[in-house]
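# return a 3D structure for these sequence lines:
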Amino acid sequence: RMETDCNPMELPNNPAFEEDSDYRDFEGADVKDMRLEAEAVVNDVLFAVSNMFVSKTLPCAEDVAYINVETRERNRYCLELTEAGLRVVAYDFDQTDDKLQTPYHETVYSLLDSLSPAYREVFGNAILQRLEALKKESQS
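Residues are numbered from 1 along each chain as shown. Just a heads-up that it's a prediction; the model follows:
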């Protein structure tokens, strides 16, 4: 017969089950891997900055990743990516400064928009070109 409801209090307490690494992380299965998230962020805006890459020096984890970015103005930043968003944690690659209290940005677009006028211009032009292309497509 098939049980439809499961009361967690009725489950046997099996320490071997908890030690099995295949099951230990099951609760956190919906947690985003921040390294993958960071790679996606980089791929999204790389065209509009001079250089951008996920840090290989600073530790990445499920809940945090670090991204190095150099703007077109040649300013360097190390960004922290967490569930809270993105923020500047240092003014150089592969660094963190605990004394630096910068605000979190929900998106990489708003963060770069606040740091780099050249980013804003390049990104805006890319959007305009895309809109022009869509307009031409719809007219043909």
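# how about low-confidence regions in this protein?
Low-confidence segments of the chain (pLDDT under 70): 1-32.
# switch the cut-off to 50
The model of the chain has pLDDT under 50 over residues 1-31.
# can you give me the helices for it?
Ranges of helices within the chain are 15-19, 21-24, 34-45, 108-115, 117-139, based on DSSP state H.
# make JSON lines out of those helices and add mean neighbour count and distance to Thr96.
C-beta coordinates here come from the backbone N, C-alpha and C atoms, glycine included. Shown next, in JSON lines, are those (neighbours: other Cβ atoms under 10 Å; distance: least, Cβ to Cβ, whole Å):
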{"stretch": "helix 15-19", "mean neighbour count": "9", "distance to Thr96": "34"}
{"stretch": "helix 21-24", "mean neighbour count": "9", "distance to Thr96": "29"}
{"stretch": "helix 34-45", "mean neighbour count": "17", "distance to Thr96": "15"}
{"stretch": "helix 108-115", "mean neighbour count": "19", "distance to Thr96": "16"}
{"stretch": "helix 117-139", "mean neighbour count": "12", "distance to Thr96": "22"}
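# distance to Ala65 for the ones you listed - can I get that in TSV?
Below are those laid out as TSV (distance: least, Cβ to Cβ, whole Å):
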stretch	distance to Ala65
helix 15-19	28
helix 21-24	22
helix 34-45	4
helix 108-115	12
helix 117-139	20
